[in-house]
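Colleague: Fold the following and give me the result.
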Amino acid sequence: MHGETAVQASVYGPYEIKVSKELCDKAVVEVSFLSKVHSIDINERFIEFFIRNAVESVIITSMHPRTSINITIQEITNSGNLLACCVNAACLALLDAGVPMHGLVAAASIAFVDNKLVPFPSAKEIKLSESALYVLKVLVKALSE
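Modeller: Prediction:
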């Protein structure tokens, strides 16, 4: 939850996958984003792609070859910061499900409105902004020998 933006995230897997989709050396990470109402402002495929790339960098996919890890994110309310909220919810859902990871991923957004930086801007502030930026940080734990 970011301000008034809320999503629900769930993780299924790792579980067996069809032979045509499996990778012999690692798990396949799939992300499904379900928007509350289909909107031209929200590009569901971009959100899925962004989240998958963000979380795939911290999941230890090699521990479960030939399987799938599915992340489903359902939009509940959206008042801005949807992408950051989805990334954070996906990471927390992976932690809760016990999926092996060697780090965490976190996201935040910031907008430049009236010559001021506004952290976690609302949808209205984003529309009024001269520019908006999403910041993604991957925190990787050093593996000790």
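
Colleague: longest helix of the protein?
Modeller: Counting by DSSP state H, the longest helix found in the chain is helix 82-97.

Colleague: which neighbours does the one helix or strand Ala107 maps to have in its sheet, and in what orientation?
Modeller: Ala107 belongs to strand 103-113 when assigned by DSSP states H and E. Under the criterion DSSP bridges, strand 103-113 sits next to strand 116-119 (antiparallel), strand 131-140 (antiparallel) in its sheet.

Colleague: Now render those as CSV, adding mean neighbour count, distance to Asp96 and mean pLDDT.
Modeller: Bear in mind the C-beta positions are built from the backbone N, C-alpha and C, glycine included. As requested, these are arranged in CSV below (neighbours: other C-beta atoms under 10 Å; distance: least, C-beta to C-beta, whole Å; pLDDT from 0 to 100):
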stretch, mean neighbour count, distance to Asp96, mean pLDDT
strand 116-119, 12, 26, 86
strand 131-140, 12, 17, 81
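
Colleague: Next, the buried residues of the longest helix of the chain.
Modeller: Buried positions in helix 82-97, judged by neighbour count with 16 or more other C-beta atoms under 10 Å: 82-91, 93-94.

Colleague: Check stretch 107-123 too.
Modeller: Buried, per 16+ other C-beta under 10 Å, within stretch 107-123: 107-111, 113, 118, 120-123.

Colleague: ok, now stretch 55-71?
Modeller: Applying 16+ other C-beta under 10 Å to stretch 55-71 flags 55-56, 58-59, 61, 64, 66-71 as buried.

Colleague: measure the residue nearest the centre of the chain to Lys18 for me?
Modeller: The C-alpha lying nearest the average C-alpha coordinate of the chain belongs to Val87 (C-alpha atoms, centre = their mean; 2.5 Å). Using C-beta to C-beta, to the nearest Å, Val87 is found at 27 Å from Lys18.

Colleague: and what of Ser129?
Modeller: Per C-beta to C-beta, Ser129 is found 44 Å from Lys18.
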